[in-house]
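# Sequence and predicted structure below; questions after.
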Amino acid sequence: MKSYFYAAGIIIQFFTIIPLHRTLPMDKAELKGVLHLLPLLGLVKGLLYAAAFGSLIEWSPFSSLSAAFLVWLLPVVLTGGLHLDGWMDWADAHFSYRDREKRLAILSDPRAGAFGVLALVLLLAAKFVFVYEAVKAGSEFAQILVCIPFFAQMLTGLFLQYVAPAKKKGLAAFFQKGHSKTLPFVYSIFFIGATFYYAEEPLFWGMAGASCLYFVLVKRGMQKEFGGATGDLLGAAQEGAELLLWATVWLSASIATG
């Protein structure tokens, strides 16, 4: 249990802006715990999203536009925009249409290219539209928002487990030292627990199906274009997954209010 306590601290240090100011052990046991606890991180983030979403709609004096902006801004503030950099690097590398070695070099380049900037603008704009439409549809969608970071963080864990690192060194290779044979079992427990709560919610099953398809396509893309996973690609995959899941909420909200 001590290794999981340390793993929770590592997750807070690496994936949020919350400072712990403590040196934590990062051996295989702790890294294994990090992979196991990623869905739990998603649940905590999701509860924050849902609470903000519902509270701003029901009890705040803000307009729908203002409420949507605050909900849209929350993940950026919570993570310090950690994954947005990976999204930009992925776009620059992917749309360069170069060979694998050059793409990996572009991922490591700290400079942002035109494709990266454009991809960032499109990502943030699309997510804002999806959040705004969900806010206009009402607080009934608050509970299902928990599933957005839950599935996205679970996907990150699955990519770390099942996609080999593209480079021997880097963030992805480091966390993949926590590869565990028990991870599918742990994630199954998380998913089964979620189904007990959302079993009668069609949107939950739509999100689950979209997440499965996303995993297959992104895993194939990582392996084909880059030869595996990197920290930047995992960040991009996280952002892409959340965008996809927000899009499913948007579609459901549009159908419900249409």
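Alright, I've got the coordinates.

# rest of the way, CA atoms for contacts and neighbours
OK.

# Tell me the secondary structure of Pro25, please.
Of the three states, Pro25 takes coil according to DSSP: H, G, I helix; E, B strand; the rest coil.

# how about the spatially closest residue to it that is not a sequence neighbour, what does it touch?
With sequence-adjacent residues excluded and distances taken as Cα to Cα, 6 or more residues apart in numbering, Pro25 is closest to Tyr6, at 7.0 Å. Contacts of Tyr6 were listed using Cα atoms under 8 Å, 6 or more residues apart in numbering, and they are Leu24, Pro25, Glu30.

# Need those in CSV (columns: neighbour count).
Output for these, formatted as CSV (neighbours: other Cα atoms under 10 Å):
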residue, neighbour count
Leu24, 15
Pro25, 14
Glu30, 25
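
# correct me, but Ile175 touches Leu160?
Not quite, residue 175 is Phe, not Ile. Yes: proximity of Phe175 to Leu160 meets the contact threshold set by Cα atoms under 8 Å, at 7.3 Å.

# which neighbours do these two share?
Among the neighbours of Phe175, those also in contact with Leu160 (Cα under 8 Å, 6+ apart) are Leu35.

# Neighbour count for those two, which is higher?
Per other Cα atoms under 10 Å, whichever of Phe175 and Leu160 has more neighbours is Leu160, with 25 against 22.

# Could you measure from the more buried one over to Arg22?
In this structure, Leu160 and Arg22 are 25 Å apart, going by Cα to Cα, to the nearest Å.

# Can you point out the buried residues in the helix ranked longest in the chain?
Scanning the chain for the helix with the most residues, using DSSP state H, yields helix 28-58. Using 16 or more other Cα atoms under 10 Å as the test for burial, helix 28-58 gives 28-43, 45-54, 56-57.

# where's the most centrally placed residue in the chain, which helix or strand?
The residue lying closest to the centre of the chain (Cα atoms, centre = their mean) is Gln238, at 3.2 Å. Taking DSSP states H and E as the definition, Gln238 sits inside helix 231-257.

# buried sites along that helix?
Neighbour counts using 16+ other Cα under 10 Å place 231-250, 252-253 of helix 231-257 among the buried residues.

# Okay, helices next: where are they in the stretch 1-150 of the chain?
For the stretch 1-150 of the chain, helices defined by DSSP state H, counting those that start in this stretch occupy the ranges 2-15, 28-58, 64-79, 82-94, 100-108, 114-137, 147-162.

# Could you dump those into TSV with mean pLDDT and distance to Lys168 added?
Converted to TSV, the helices of the stretch 1-150 of the chain look like this (pLDDT from 0 to 100; distance: least, Cα to Cα, whole Å):
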stretch	mean pLDDT	distance to Lys168
helix 2-15	87	20
helix 28-58	93	16
helix 64-79	93	26
helix 82-94	90	18
helix 100-108	87	12
helix 114-137	94	25
helix 147-162	96	14
